[in-house]
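Colleague: Give me a model of this one.
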Amino acid sequence: MNPAGAANQKEEFKLKDTKPQLGERWPHGGMRGGGGGWISSERATSTYDLVEQMLYLYVRVVKAKDLPTNPVTGSIDPYVEVKLGNYKGKTQHFEKKTNPEWNNQVFAFSKDKMQSSILKVFVRDREMVGRDDYIGKVVFDMNEVPTRVPPDSPLAPQWYRLEARRGNIKVKGEIMLAVWIGTQADEAFPEAWHTEAASVQGEGVFSIRSKVYVSPKLWYLRVNVIEAQDVEPHDRSQLPQAFVKAQVGNQILKTKLCPQKTTNPMWNEDLLFVAAEPFEEQLYLTVENKVTSAKDEVMGRLISPLHVFERRLDHRPVHSKWFNLEKFGFGALEGDKRHELKFSSRIHLRVCLEGGYHVMDESTMYISDQRPTARQLWKNPIGILEVGILSAQGLQPMKTKEGTGTTDAYCVAKYGQKWVRTRTIIESFNPKWNEQYTWEVYDPCTVITLGVFDNCHLGGSEKPASGSGGKNDSRIGKVRIRLSTLETDRIYTNSYPLLVLQPSGLKKMGELQLAVRFTCLSLASMIYLYWHPLLPKMHYLLPFTVNQLDSLRYQAMNIVAVRLGRAEPPLRKEVVEYLLDVDSHMWSMRRSKANFFRIVSLFSGVIAMSKWLGEVCKWKNPVTTILVHVLYFILICYPDLILPTIFLYMFLIGVWNYRHRPRHPPHMDTKLSWAEVVHPDELDEEFDTFPTSKAQDVARMRYDRLRSVAGRIQTVVGDMATQGERFLALLSWRDPRATSLFVLFCLVAAVALYVTPFKIMALVAGLFWLRHPKFRSKLPSVPSNFFRRLPSRADSML
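Modeller: Residues are numbered from 1 along each chain as shown. As a prediction, the model looks like this:
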């Protein structure tokens with residue numbers, strides 16, 4: 001790639017500033033926030049000040065009455081057709097009804113696409129064969145349609161007499177309508193039929209509307225399995241080796257085997273599950289006997305609904321309880337009542353729903369909410385986040401429809417428990433949504449995630465551009481914004497590049513234009529949060545292991561995806577998983593390299609400082625070295641100035657860096673992600689399934705490459721262990737001569753430091769360290785030679 005092309009590509013991947021016309025403008029006067037506009041009224045304001053105003057002609061069809069019947073059939077199957085230019089929308093039809101009601105169905109025609117100044121509303125009679133019969137019409141002049149300004153109440157519908165096909169002759173029948181001009185802030189907007197969706201067929205109409213979703217309320221279910229009594233195997237001649245298997249929904253966990261074979265086994269193990277309100281699943285628990293390595297037999301079971309268990313809000317212990325186990329297997333089928341009267345197998349459990357934890361359903365790196373499950377533990381919000389989803393520019397064709405590339409784009413945003421989905425803009429590479437949403441903020445150190453997708457569920461004959469047979473909504477790109485990087489009460493208007501890593505490499509799919517504002521409600525509360533733990537205190541009082549957290553997070557993601565997929569319209573599983581970064585824990589050579597170089601960049605400052613000190617010691621710049629000597633003398637003479645000097649230096653650095661502070665939120669960094677120069681085979685490995693679906697020779701090659709990388713890591717870890725073991729060997733007497741020398745040196749050093757003032761010792765040590773190169777040797781120093789000769793445990797390894 002030539003340098004000019006690489007430079008242009010880097011510019012394409014950067015964040016851009018935009019200057020959209022935000023706020024509302026109304027005919028005849030002013031605009032929200034001042035300036036020229038349309039209606040000069042203080043009432044002409046709404047919360048939609050982070051989007052560009054879009055005007056719509058709204059038509060609400062309520063009902064009709066006294067419609068004439070067909071003289072031939074004696075009945076009528078009426079429906080309404082609303083027509084403006086070439087755009088027409090239809091209501092559903094009713095069979096044999098002269099007084100139909102259409103449930104306030106609303107049609108919205110974009111003013112930007114209006115091709116006529118006349119609105120026509122037709123009432124027709126549906127015919128099974130031939131053209132539908134004309135019943136009557138109502139005509140409106142666009143110049144006479146009133147404008148509804150929020151927050152005015154909805155416009156009252158009126159009765160209109162139907163007119164004949166030609167002329168102003170009135171015919172039998174009336175229709176109740178409301179017609180007005182409004183914006184996307186109108187409450188009728190989300191449920192309205194839009195001109196952008198005129199080509200959508202059948203059930204696809206429901207999948208294009210904007211919606212707000214709420215994640216299910218998640219709980220951790222802790223099942224402490226203590227012990228069981230009087231469990232009997234099928235073969236009563238042998239004692240059972242028991243374990244407990246518990247299941248909640250699709251989650252299955254097992255305890256360890258009881259070490260002894262006994263009818264009264266003990267475990268005292270915690271099993272952790274994720275459950276969602278409303279509790280549809282039950283706790284299904286079985287006590288099983290390990291007969292052989294391949295065979296388990298059930299000795300008893302317990303089935304219990306989740307709502308009966310105690311809800312715990314803190315770390316206080318929960319009371320345990322004995323539960324009788326149901327008979328299972330051959331004995332239960334026999335109905336041995338005489339034996340059951342003697343005793344019953346039972347199990348000792350301590351079960352509770354944990355309300356003091358935050359249930360992780362997303363990656364901890366991009367967490368958007370840290371509140372505990374129990375609402376009574378929530379604090380007051382400290383701010384308000386407002387996001388205006390304006391538009392997208394330059395989207396790529398995601399599928400083909402009738403041989404032509406097209407994209408039906410919508411945007412989804414996730415913050416906390418609230419998900420929002422914009423309406424789908426049909427067949428547009430530059431869709432304009434101009435929808436604004438608001439979230440309460442409880443912690444500024446959180447992240448909002450937005451994703452753009454292509455809607456593949458419109459009921460048409462479109463095919464994915466990639467040729468895949470799946471009907472999943474395709475990913476167009478994702479944007480993350482960390483709230484703590486935003487200045488309060490400032491509107492950020494930026495165009496974010498939508499970047500997607502594909503098996504063929506990094507690709508820019510377009511740009512997403514957003515307007516973001518973070519408003520602080522209480523500065524004192526926000527500052528107070530910075531001194532407190534990120535997660536609720538239960539995470540620190542009774543912490544989970546890393547493996548438990550990973551497993552619980554995966555289960556929580558699945559539950560959220562299933563529940564949101566059951567909404568109408570559904571928020572599909574592939575969309576939820578993409579925004580929750582469900583695959584962020586999977587192995588990737590690219591991510592490993594990126595994280596390695598992130599660590600290297602962290603130490604770049606330390607390395608630069610050590611290089612500078614090395615140049616000072618080598619007298620590369622005599623003036624600098626002399627100044628360092630002077631500063632060192634001052635600090636030795638006045639040691640109480642050391643800490644104030646360090647903190648003053650950091651203060652001055654912070655003040656100096658304020659001039660160069662970031663002016664916009666961070667975005668996806670292709671260089672940091674190591675996405676620009678990634679090898680094609682590494683990308684192919686990243687997109688491979690788990691377990692792998694590649695050929696044996698490819699899997700062998702990747703395994704060998706992983707072994708080589710792991711071998712280098714193994715060597716580095718081994719070297720670190722060696723240095724630590726050498727340090728321990730100073731006093732372990734593994735090398736008696738080295739330990740004798742070190743112990744003797746410690747005694748001499750203790751006496752010398754006792755009789756010599758500390759300032760003199762520090763001064764001598766500093767002068768020795770900063771000595772001129774003429775007094776230096778190129779050979780390693782004596783302490784370094786001594787340390788490297790110390791033994792380690794590496795020679796004891798096989």
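Colleague: in the chain, which residue is closest to the centre?
Modeller: Leu580 (3.6 Å; C-alpha atoms, centre = their mean).
Colleague: Provide a list of residues in contact with that residue.
Modeller: The neighbours of Leu580, taking C-beta atoms under 8 Å, 6 or more residues apart in numbering as the test, are Asp361, Glu362, Ser363, Lys414, Met557, Val560, Ala561. Just so you know, the C-beta spots here come from the backbone N, C-alpha and C atoms, and that holds for glycine as well.
Colleague: buried ones in stretch 767-785?
Modeller: For stretch 767-785, the neighbour count (16 or more other C-beta atoms under 10 Å) marks Leu770 as buried.
Colleague: biggest helix in this structure by residues?
Modeller: helix 696-728 (DSSP state H).
Colleague: That one - contacts with which helices or strands?
Modeller: Counting by 3 or more C-beta pairs under 8 Å, 6 or more residues apart in numbering; DSSP states H and E, the packing neighbours recorded for helix 696-728 are helix 589-602.
Colleague: how close does Ala738 get to Pro791?
Modeller: Taking C-beta to C-beta, to the nearest Å as the measure, Ala738 falls 8 Å from Pro791.
Colleague: hang on, the earlier thing: okay, buried residues for the longest helix of the chain please.
Modeller: So, applying 16+ other C-beta under 10 Å, buried residues of helix 696-728: Arg702, Thr722, Glu725, Arg726.
Colleague: is it true that the first one touches Glu685?
Modeller: If I follow you right, that is Arg702. Yes. Counting by C-beta atoms under 8 Å, Glu685 is a contact partner of Arg702 at 5.6 Å.
Colleague: tell me, what's touching the two both at once?
Modeller: What both Arg702 and Glu685 touch, as defined by C-beta under 8 Å, 6+ apart, is an empty set.
Colleague: Check the contact between Tyr160 and Leu177; I expect there is one.
Modeller: Yes. Between Tyr160 and Leu177 there is a contact at 5.9 Å, judged by C-beta under 8 Å.
Colleague: Return every residue with contacts to both of the two.
Modeller: Shared contacts of Tyr160 and Leu177 (C-beta under 8 Å, 6+ apart): Val121, Val138.
Colleague: which residues of the stretch 151-300 of the chain fall in strands?
Modeller: Taking DSSP state E, counting those that start in this stretch as the test, the strands found in the stretch 151-300 of the chain are 158-163, 170-183, 193-194, 211-214, 218-229, 242-248, 251-254, 266-276, 282-292, 295-305.
Colleague: average pLDDT for the third one?
Modeller: Model confidence over strand 193-194, given as mean pLDDT, is 82.
Colleague: List the contacts of that strand.
Modeller: Residues outside strand 193-194 that contact it (C-beta under 8 Å, 6+ apart): Gly89, Gln105, Val106, Phe107, Ala108, Ser110, Val205, Ile208, Arg423.
Colleague: can you list the weak-confidence ranges in this protein?
Modeller: For the chain, the stretches with pLDDT under 70 are 1-10, 24-47, 167, 198-199, 201-204, 328-343, 459-470, 798.
Colleague: ok, now with 50
Modeller: Within the chain, the segments meeting pLDDT under 50 span 1, 28-46, 330-342, 467-469.
Colleague: hey, which strand is longest across it?
Modeller: As assigned by DSSP state E, the longest strand anywhere in the chain is strand 505-520.
Colleague: Tell me which two of the contacts of Leu580 sit farthest apart.
Modeller: By the measure C-beta to C-beta, Ser363 and Ala561 form the most distant pair in the contacts of Leu580, at 14.5 Å.
Colleague: Of the buried residues of helix 696-728, just say which sits nearest to Tyr649.
Modeller: Looking at those and their distance to Tyr649, the nearest is Arg726, at 34.4 Å (C-beta to C-beta).
Colleague: Which residue comes closest to the closest one once chain neighbours are left out?
Modeller: Leu790 (4.0 Å; C-beta to C-beta, 6 or more residues apart in numbering).
Colleague: Out of the strands of the stretch 151-300 of the chain, which is closest to Thr73?
Modeller: Proximity to Thr73 (C-beta to C-beta) singles out strand 170-183 among the strands of the stretch 151-300 of the chain, at 16.6 Å.
Colleague: The closest one: how far from the chain's middle?
Modeller: 45 Å (C-alpha atoms, centre = their mean, to the nearest Å).
Colleague: Tell me the one of the contacts of Leu580 nearest Leu641?
Modeller: Ser363 (45.3 Å).
Colleague: Now the closest one: phi and psi?
Modeller: Phi and psi for Ser363, reported as degrees, to the nearest 10, are phi -60, psi 140.
Colleague: Report the separation between it and Asp583.
Modeller: Applying C-beta to C-beta, the value for Ser363 to Asp583 is 10 Å.
Colleague: ok, Gln260 - how many residues close by?
Modeller: Neighbours of Gln260 under the rule other C-beta atoms under 10 Å: 11.
Colleague: Could you pull up the residues touching it?
Modeller: Contacts for Gln260 were tallied using C-beta under 8 Å, 6+ apart; they are Gln241.
Colleague: Okay, it and Lys245: tell me how far apart.
Modeller: Relative to Lys245, Gln260 is positioned 19 Å away (C-beta to C-beta).
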